[in-house]
Structures are given as C-alpha cells and as structure tokens.
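Enquirer: I need the structure of the sequence given here:
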Amino acid sequence: MDFIGREGVTVNPYLRLRDKELKTIHNASMELLSDPGVEVSHEEAADIFAKAGATVTKSERAKGTWVVKIPEKLVLQALETAPSQVTLGARNPEHKLILDGETPRVYFGSGSETNNILDTSLEEFTSTSDPDKKLKFPVYKRRRGMVADLCAAARLGEHLEHLDFFIRPVNIQDDDISEDSKDANKFYACLNNMTKHVMAGLTDLNQLDNIIRMGEIITGGSEQLKENPVMSFITCVNKSPLQLEGDSTEKMLSIIKRDMPVVLSSSPQGGSSAPIDEVGMVAQINAEILAAVTLSQLAHPGAKVIYGSVPVRARMDNLHDMYGAPEFNQYNIDCVQMARYYKLPCYSTGGVADAKVPGIQATAEKVFSHLYVSMSGPQLLHYAFGLLEETQTFSFEQAVLDNQHIGMVKTLMQPPEVSQDAVSYGLDVVRKVMDTSHRLFARYARKRIHSGQLFLAYPFEGGEIQDETMEHVKAETQRILSEPVDHLPGATSDQIFAEIPGILERIK
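Expert: Here you go, the predicted structure:
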C-alpha cells in the first residue's frame, strides 16, 4: 500500500545507548517513580493514581500537593494501551504525518513562542581603507512579535518545502489581544495561512472547546476532526524535578477526553532542575514523561500521546538554557532511544542557536543538532526553523537558511539504493565509459542531476564577502512571503468568526 502523507526521511538510527544501557536507564526511572515519587498538584490526578494502586500521600511541604509513588506495573500497563502510532492530519491530505514509535521517520518543524522578531535590513558601508569601496551588510533590529508576524511565519512555512509541521514561533503581543482571545487568534492565524499540520500549546483551558470547534468547522464535523486532526496540542505537564503541574495536568486531561493528540512535554535543565550528567538527566526526564503517560492512560486508555523530550543544559554563569553545547544533543538522542524502547512516538528538539544573529555561530550550532539529533530517528524534531538567542528570537531569514540546511540533512540521510538494478546500471556505465577515449562520466552525471536526485550548488553562496549570503537570503525571504497561500474558504472563515469570539477581523 502506498504511503499517503509527507515523506519526511526514514533513517537508519544512530544508537548512542546499547540495549543493556536502555534497560539500566529504564530501571533507574522506575526507582525514581517509586522513591521519591512524583509530586502532583492536581487532586483528580492524585485520585486517579490512588484508585489504580499507586501510593498517594499528602505532601507535608506544599499545600494542595500529593506525593505519588508509581509502581512499575502501572507504567507497563500504561505502555500497553498508549498507541504506538499517532496520525496528525492537515488541511491538505498530502501533508498528513504518520508517527510510528517503531519507525524512525523524521519530520522537521518549527517551534517556541518567542517574544522577539529579528528584522533584517541591508545597509551600505564604506571601507575605511578604500573610500571608493562600498559594501552591503546586514543590520538587525529586535521588536516584539505581533499576530501579523505569526500570519507571515505561517505563510513562510507553507512554502518552505522541508518544514513538515508548524508550531507557532511567535508570541502574539498585540495590545488588543487578551489572554482569553489569544488561543483563538493564534490557531486561526496558523490554520488560515497553512495547509500543513498545526500544533500549539493552550494558553487558556476555557478556550479548548472553541479551538476544537474551529477544527470541526474546518474539517466538517466532530468525527471528521478525529479522523483528520488538523491541529494537535502541547502540554508541559512536568515541572522539573519530578512534579506534575496542576494547570498543565488539567489541560492534558481535558484534551485527551476529547480524543485529540497531545505532546506530553518535559524540559528539565541540566545543572539547575536536573542533573547535568547524562545518565542522571535522562533517567529523570524519562521518569517525568512516563509519569504523564501513565496518568493519561489511566484516565483515558488509548489516549493519543507523544513522548515529548525537551532536555536542555544550563549555562552555569547565568543559568540560561544552552542549546549549542554537545551535551544538549546527547540528552536528546538518549531520549529518542528511550521513546523507541517504549514504542512511543517521540517529539524531540534540535536546530536552536545560542547565537543572537544569523552567521557562522548560528549555522554551526544549528546544523550540529539538525544532523546529530535527526540521525537518532525522532518522529518530530521541533525548534528546527528560525530560532536564535536560545528560543527568545525568531528570524524569517534564519528560517529560510534552516530550510536549506535541513534539505541538505535530509539528502545526507537518505538510505542508499543498493538494488540489483542499481548495481547493474552502475556496472554498465563504467563499462561504457571505459570504452571511450576521454574516460569521463559527465554525460551520465548530467542525467542524474536533471532527475532532481542530486544536491546542486548552495543557493545562497556569496563572493569574497561572507555576508553577501544574507543579501541572497533576504531576497529569497521576500520572494517566498510574496507567494500566495491557500487560505480557508470564505464561508469557513465566516462560520468561524460567527461562532468563535475574539478573533481579530484584520487577520481574516
């Protein structure tokens, strides 16, 4: 049967951990879940654990909190009912994603609700040593993100061929957007400008019904939305170390009751909220995610949950997140292997730069994790487009650069074709060339190039001045943003605006 949906890239996964080491980390996580256990700040969740056989006691340190000690048998039972395959739909069926916890098919997406937009302009400068020599260099300026920027980011992502799914990369901070209208605006801004899958966190639980209703209007009804979930949710259920946070737990329980896909995300910081050493970090984050998975399956067996690993490392001078460190990649690769050990689809992290602007540092930090983490085979690799300054800033131009680099990574990871037909063709070509006087393969190479299967020249290459690259990138960004997109049909938008309050008329 033919595969329907986005291809992504299926890798032969790089294995950092051996089978014995995976079992050792699993056992360590089980020990943490039984001692000291997990602190739960949600009464219903504590009751669910207690009824299933966990040991639950009121915390002596924090009011409204329970200490839950989860036996391994509950975790294993939950893993039996948690689906290994989760489908993420899209307005265009060709963009559907099939996440299989046992198949290392990698999809790349955007992510992080950044506060800042980095605007890029090109200005002319005169050389001090040669006044007749004038050069263009990029000049950068930060500003706060607005809903118009989110619309533009979705339009850009629609046309970035290597972006497989979209997570809002902009925190919309317009003065006329309130906390209770934020969700409706951000989901509509994405879905109206994007036919790929849209994923986001929920700001206000009271808006969940409105967001699901938006999806029903777009897909044609409740059952149609379940069959084609054009949106999914992210819940940061865990507060490290080893806590299930009340508000996010409530959101997760509400989302799974509505049978919608949800990422169960944990983001401990090595050196502050988690051990900085690799084994301690991975044992802790794995325990945290498994606690959330267990709760989800106890509450709603078969809930469509995704193992959401977002481990980071602390800078020890200021305790900011540090994404460019090698340890960041090690943490993430180990988590991908743990998710596959449990046959759960994995949402992993890569492609973030600590650098504040595009350039050599950003490229090195991003490509390092684009390549290294994706080789481990996560189903979803988020944060991969446009993020700078940890996850504080989004750059349209950087997203265009990242798209090109991810395309190179995808090409690099394509499996070789070692079939008998391929071997026969290769031998035939060698024999034909050996029978000529010039002994050159250029004629046959051109055929491969014209087939579109070979990587061509880097499209943003500059001349003697390195930053000429940004001039090409700026032009390409403007070209992409001028391209039309397939907006929601007028009648669909009209119905959404009629039924769901708070969406700004100017983004219709």
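Enquirer: roughly how far does Asp428 sit from Tyr14?
Expert: Noted for Asp428: a distance of 34 Å to Tyr14, by C-beta to C-beta, to the nearest Å. To be clear about C-beta, it is placed using only N, CA and C from the backbone, and glycine gets the same treatment.
Enquirer: neighbour-wise, which of those two wins?
Expert: Tyr14 (17 against 11; other C-beta atoms under 10 Å).
Enquirer: so the more buried one sits in a helix?
Expert: No: counting by DSSP: H, G, I helix; E, B strand; the rest coil, Tyr14 is not part of a helix but coil.
Enquirer: for the closest residue to it other than its chain neighbours, give me its contacts.
Expert: Using C-beta to C-beta, 6 or more residues apart in numbering and skipping the chain neighbours, the partner closest in space to Tyr14 is Met375 (4.2 Å). Residues near Met375 by C-beta atoms under 8 Å, 6 or more residues apart in numbering: Val11, Pro13, Tyr14, Met413.
Enquirer: mind redoing it with 10 Å?
Expert: 11-16, 104, 106, 329, 333, 336, 409, 412-413 (C-beta atoms under 10 Å, 6 or more residues apart in numbering).
Enquirer: residue nearest the centroid of the chain?
Expert: His382 (1.6 Å; C-alpha atoms, centre = their mean).
Enquirer: surely it is in contact with Phe108?
Expert: Yes: applying C-beta atoms under 10 Å as the test, His382 and Phe108 come out as touching, 8.2 Å apart.
Enquirer: list residues touching both of these two?
Expert: Phe165, Gly350, Gly351.
Enquirer: look up phi and psi at the last one.
Expert: Reported as degrees, to the nearest 10, the phi and psi values for Gly351 are phi 90, psi 20.
Enquirer: again with the first one
Expert: In terms of degrees, to the nearest 10, the main-chain angles of Phe165 are phi -150, psi 160.
Enquirer: wait, it sits on Pro261?
Expert: No: applying C-beta under 10 Å as the test, Phe165 and Pro261 come out as separate, 11.4 Å apart.
Enquirer: name the residues contacting each of these two.
Expert: Both Phe165 and Pro261 are contacted by Leu88, His197, Met199, Ser232, under the criterion C-beta under 10 Å, 6+ apart.
Enquirer: any idea which of those residues is closest to Leu298?
Expert: Ser232 (21.1 Å; C-beta to C-beta).
Enquirer: need the nearest residue in space to that closest one, chain neighbours excluded.
Expert: Nearest non-adjacent residue to Ser232, counting by C-beta to C-beta, 6+ apart: Pro261, 4.0 Å away.
Enquirer: in contact with that neighbour, which residues?
Expert: If you count contacts by C-beta under 10 Å, 6+ apart, Pro261 has them with 83, 86-89, 99, 197, 199, 226, 229, 231-233, 255, 303-306, 345.
Enquirer: now with 8 Å?
Expert: With C-beta under 8 Å, 6+ apart, Pro261 has these contacts: Val86, Thr87, Leu88, Pro229, Ser232, Phe233, Lys304, Val305, Ile306.
Enquirer: quick one on the thing from earlier: quick check: bridge partners of the residue nearest to the centre of the chain?
Expert: Under DSSP bridges, the beta-bridge partners of His382 are Thr349.
Enquirer: so where do the strands sit in the stretch 151-300 of the chain?
Expert: In the stretch 151-300 of the chain, the segments counted as strands under DSSP state E, counting those that start in this stretch are 165-167, 197-201, 231-235, 238-239, 243-244, 262-266, 269-270.
Enquirer: those strands into JSON lines, with extra columns for distance to Lys136?
Expert: Converted to JSON lines, the strands of the stretch 151-300 of the chain look like this (distance: least, C-beta to C-beta, whole Å):
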{"stretch": "strand 165-167", "distance to Lys136": "32"}
{"stretch": "strand 197-201", "distance to Lys136": "36"}
{"stretch": "strand 231-235", "distance to Lys136": "40"}
{"stretch": "strand 238-239", "distance to Lys136": "47"}
{"stretch": "strand 243-244", "distance to Lys136": "51"}
{"stretch": "strand 262-266", "distance to Lys136": "41"}
{"stretch": "strand 269-270", "distance to Lys136": "40"}
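Enquirer: out of the ones you listed, the one nearest Gln398 is which?
Expert: Using C-beta to C-beta, the strands of the stretch 151-300 of the chain put strand 165-167 closest to Gln398, at 15.6 Å.
Enquirer: if we can go back for a sec, just the pLDDT at the residue nearest to the centre of the chain, thanks.
Expert: For His382, the pLDDT comes out at 97.
Enquirer: which of the helices and strands in this protein ranks last by mean pLDDT?
Expert: In the chain, no helix or strand scores lower on mean pLDDT, DSSP states H and E than helix 442-450, which sits at a mean of 84.
Enquirer: what's the following helix or strand past that helix in contact with?
Expert: For helix 442-450, the following helix or strand on the C-terminal side (DSSP states H and E) is helix 468-481. The list of residues contacting helix 468-481 from outside it, by C-beta under 8 Å, 6+ apart, reads 120, 122, 136-138, 152, 155-156, 159-160, 358, 396-397, 400-401, 459-462.
Enquirer: at 6 Å instead, please
Expert: Under the contact criterion C-beta atoms under 6 Å, 6 or more residues apart in numbering, helix 468-481 has outside partners Thr120, Leu122, Lys136, Pro138, Leu156, His159, Phe396, Glu397, Val400, Leu401, Phe460, Gly462.
Enquirer: for that helix, buried residues please.
Expert: Glu468, Thr469, Met470, Glu471, Val473, Lys474, Glu476, Thr477, Ile480 (16 or more other C-beta atoms under 10 Å).
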